[in-house]
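What shape does this take:
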Amino acid sequence: MIQVESWIILNFFTSFLLVLLLIFQNTTSRLQKGRKYSAILVCTLILLAAESIGRIGETYPDKYLLLGQIGYLIIFLLDPVDILSAVFYMDCWMDEESHKSRNIFRVAFELFAIINLVAVSVSFIFRLRWFFYFENGIYYRGSFFYIRATIMMIFIVLLIVYAVVFRKHIMSEYKYTVLFLPLFAFLGSIMQVFLANLDTTYAGISLGCLILFFAYQSRDVNVDYLTGVLNRRGLDIRMQDMVKVSTASGRDFTAVMMDVDHFKDINDKLGHSAGDKAIKTIAGVLEEIFGDKAYIGRFGGDEFCVIIDSTSTKELSDKLEQVHKALARMRRKHGWPAGVDVSCGYQCYDHASGMSAKQFQELIDRLMYMEKQEHHKYF
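Numbering: from 1, shown residues only. Here you go, the predicted structure:
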């Protein structure tokens, strides 16, 4: 009977799970939270692969000692990055009101990741044996191994503290589910202490990611199924959040409503599949130009809305000009009919106006239709 090491079985199935999650993680790929979620999966997968080749090198030092050194080096370098990725992901589900106070936590996580990267690199390059080393083909823990391990555990605990302290700032629908990620990471690291032959830390993170995927990454009701950006419901929630924060803090923001001019011509002349592709292309253009910090959504049909945390008219004008130029390129590239562009209506929200989210949305909608009427004079 062939006996297989338990760590091989665990690492195989954990890696298989992560790969599946990466394959199916495409619905929200255009949203910031989708990309941050994928970053956790990729980082954990790299660490699992490094742990596997490290064990191979440790088990067969005569043939694969170099693999062991490379594997453990990657683990020691990137372990904190996995925690940092989880911090960035949880940030995506929080409102902007607590942004400044959360910076203290984020900076602490970032500093730890940077200091660890430098210290491990220096130790490895100059063979200082601070964290790990091989001697006569045998793996040994370095003089600072337990200090680093203790700090790692503290930061995993801080990940839970971070989620709990700022839980009221997490969007209400996701307030409890998002806590599974730091909780399972912590449980996995605790089990690691008692099961030295199994890397349960990465398994714990993977299990947390699985729960998140089934909870809302795969079926987020706030995401447009065609484009992967926010849908009408998601936009309404974000608009309400921005109005609430603006009223409380006095920090204004800007919203833009866009309607695709002559979109019907694409469907009529090129077919509905070309129309769907055009909608996805336009969503990609908006995401590329406005970036991660903007809330971009498909309001319905061929209408889009962009919410940005800025009141600079010049900055917005520059970006809208980029949108028009990008769509002109797409029009030539895909053979869209002449006149396909976007009509825009935008306004800076005044926190002193007392205007509700619905009233503000109706205002920018009217402004957008005014521009659309002007555009239709020429086409």
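
where in the stretch 101-250 of the chain is pLDDT low?
Low-confidence segments of the stretch 101-250 of the chain (pLDDT under 70): 171-176, 193-198, 215-221.

Spell out, range by range, the strands that occur in it.
All strands of the stretch 101-250 of the chain, identified by DSSP state E, counting those that start in this stretch, fall at 132-135, 138-141.

For the residue nearest to Asn11 when sequence neighbours are not counted, grab the count of nearby residues.
Once flanking residues are discounted, Asn11 sits nearest to Ser52: 5.1 Å by CB to CB, 6 or more residues apart in numbering. (Glycine included, C-beta is placed from N, CA and C.) By the measure other CB atoms under 10 Å, the count of residues near Ser52 is 18.

How far off centre is the helix or strand encompassing Glu58?
When elements are assigned from DSSP states H and E, Glu58 belongs to helix 32-59. Relative to its parent chain, helix 32-59 has a centroid offset of 16 Å by CA atoms, centre = their mean, to the nearest Å.

next one: stretch 363-371
Centroid separation between stretch 363-371 and its chain, computed with CA atoms, centre = their mean, is 32 Å.

What's the mean pLDDT across it?
Across stretch 363-371, pLDDT averages out at 92.

circling back to that earlier point, looking just at contacts, which helices and strands does the helix holding Glu58 meet?
With contacts defined as 3 or more CB pairs under 8 Å, 6 or more residues apart in numbering; DSSP states H and E, the packing partners of helix 32-59 are helix 6-24, helix 61-91, helix 200-212.

Okay, angle between the first one and helix 32-59 too, please.
An angle of 160 degrees separates the directions of helix 6-24 and helix 32-59 when computed by axes from the mean of the first three to the mean of the last three CA atoms, to 10 degrees.

So for helix 6-24, what gets flagged as buried?
Buried residues in helix 6-24, counted by 16 or more other CB atoms under 10 Å: 7, 10-11, 14-15, 17-18, 21.

Nearest to Glu58 among these?
Distance to Glu58 across the buried residues of helix 6-24 (CB to CB) is lowest for Trp7, with 10.8 Å.

can you tell me how far the closest one sits from Arg102?
36 Å (CB to CB, to the nearest Å).

And for Ala328?
For Ala328 relative to Arg102 (CB to CB), the value is 40 Å.

So these two - more neighbours on which side?
Neighbour totals were compared for Ala328 and Arg102, and Arg102 leads with 19 against 13 (other CB under 10 Å).

circling back to that earlier point, surely the residue nearest to Asn11 and Gly71 touch.
Yes: using CB atoms under 8 Å, Ser52 makes contact with Gly71 at a distance of 7.2 Å.

okay, now Ala274: neighbour count?
Using other CB under 10 Å: Ala274 sits among 15 other residues.

Would you mind naming the helix or strand containing it?
Going by DSSP H and E, Ala274 is in helix 272-290.

what's in contact with that helix?
30, 224, 226-229, 258, 260, 263, 266-267, 296, 298, 302, 304, 306, 308, 319, 322-323, 326-327, 330, 334, 336, 340, 342 (CB atoms under 8 Å, 6 or more residues apart in numbering).

So which of those residues are in strands?
258, 260, 296, 298, 304, 306, 308, 342 (DSSP state E).

Highest neighbour count among the residues you listed?
Going by other CB under 10 Å, Ile296 tops these with 30 neighbours.

That one and Asn231 touch, don't they?
No: judged on CB under 8 Å, Ile296 makes no contact with Asn231 at a distance of 11.1 Å.

Would you mind putting the buried residues of helix 6-24 into a markdown table with distance to Leu48 and pLDDT alongside?
Below are those laid out as a markdown table (distance: CB to CB, whole Å; pLDDT from 0 to 100):
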| residue | distance to Leu48 | pLDDT |
| --- | --- | --- |
| Trp7 | 10 | 83 |
| Leu10 | 9 | 87 |
| Asn11 | 6 | 89 |
| Thr14 | 6 | 91 |
| Ser15 | 5 | 92 |
| Leu17 | 10 | 91 |
| Leu18 | 7 | 91 |
| Leu21 | 13 | 87 |
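
Now flag whichever of the residues you listed is closest to Val157.
Thr14 (22.4 Å).
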